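**Student:** sequence and predicted structure are below.
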Amino acid sequence: MASRADLSAPLAAAAGDLVRIAHELWQRGLVQGTSGNLSARLDDGSVLITPTGCAFARLTPGDLVHLAPDGTARGEGHPSVERPLHLAAYRARPDVRFVVHTHPVFCTVWACRGQLFPRDTVAANESLAPMAWTPFHPSGSVALADAVAAALAGGAPLALMENHGLIAAHADIDTAFVQTDLAEACAEVAYYAALWGPRA
Ligand SMILES: [Zn+2]
């Protein structure tokens, strides 16, 4: 993508949001290595998305890839392999402006257990948004994109992807970040509570 100084104001603002949240996700340990991908949808229907193979700690606005409304990349750069997932989420939910996809450890543990984690805490009951479940399909596949789109179309802002990770889709990127952070905290509590066994 062009340098931030060359971008239109909405594109520069979206780029700033994505880079800020990428760094916060890294600092909170919600992404590891080069996992995770983020995107923003602009008013013209185009999408700004993180590149493939990028550690969020080092992400800069110039690394982001601008996609035309039909999903084709504009200019340089290679978009995330999960581009179909992001585009499908936007098609399914006209209200969504940001998609945050991560592999937080405890959410992923539950994803590998084949179930949503139980919501036995006040935080999980009162503050965590509804979460849908999606069956396993390979990364980057249209089948995965379709499964997640179908789950999000039901209205849930969160979906746990079997043997994979978490997706948060929202009109506001800070809410998507906070829900990702909270989902991981709730998944961690539920994991340790389950480990301890049934309550006496
Ligand atoms: Zn993933």
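**Tutor:** In hand now; what should we look at?

**Student:** what's the mean pLDDT across stretch 156-173?
**Tutor:** For stretch 156-173, the mean per-residue pLDDT is 98.

**Student:** hang on, I meant stretch 102-117
**Tutor:** Computed over stretch 102-117, the average pLDDT equals 98.

**Student:** and it, what's buried?
**Tutor:** 102-104, 106-108, 110-111, 116-117 (16 or more other CB atoms under 10 Å). Yep, even glycine has a C-beta here, placed from its N, CA and C like the rest.

**Student:** tell me the buried residues in the biggest helix by length in the chain?
**Tutor:** Scanning the chain for the longest helix, with DSSP state H as the assignment, gives helix 173-196. Using 16+ other CB under 10 Å as the burial criterion, the residues of helix 173-196 that qualify are 173, 176-191.

**Student:** so what touches it?
**Tutor:** 17-18, 21, 24-25, 28, 30, 40, 97-100, 102, 104-107, 109-110, 117-121, 123-124, 127-129, 131, 157-158, 166, 168-170 (CB atoms under 8 Å, 6 or more residues apart in numbering).

**Student:** could you measure the nearest residue to residue 28 once chain neighbours are set aside against residue 132, distance?
**Tutor:** Closest residue to residue 28 apart from its sequence neighbours, by CB to CB, 6 or more residues apart in numbering: residue 181 at 5.8 Å. According to CB to CB, to the nearest Å, residue 181 stands 19 Å off from residue 132.

**Student:** narrow the contacts of helix 173-196 to those in helices?
**Tutor:** Short answer: those in helices (DSSP H) are 17-18, 21, 24-25, 105-107, 109-110, 123-124.

**Student:** which pair in those spans the largest distance?
**Tutor:** 17 and 109 (29.0 Å; CB to CB).

**Student:** how about a markdown table for the ones in helices among the contacts of helix 173-196, with distance to residue 61 added?
**Tutor:** Formatted as a markdown table, the ones in helices among the contacts of helix 173-196 follow (distance: CB to CB, whole Å):
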| residue | distance to residue 61 |
| --- | --- |
| 17 | 10 |
| 18 | 8 |
| 21 | 13 |
| 24 | 15 |
| 25 | 16 |
| 105 | 28 |
| 106 | 31 |
| 107 | 28 |
| 109 | 33 |
| 110 | 34 |
| 123 | 33 |
| 124 | 35 |
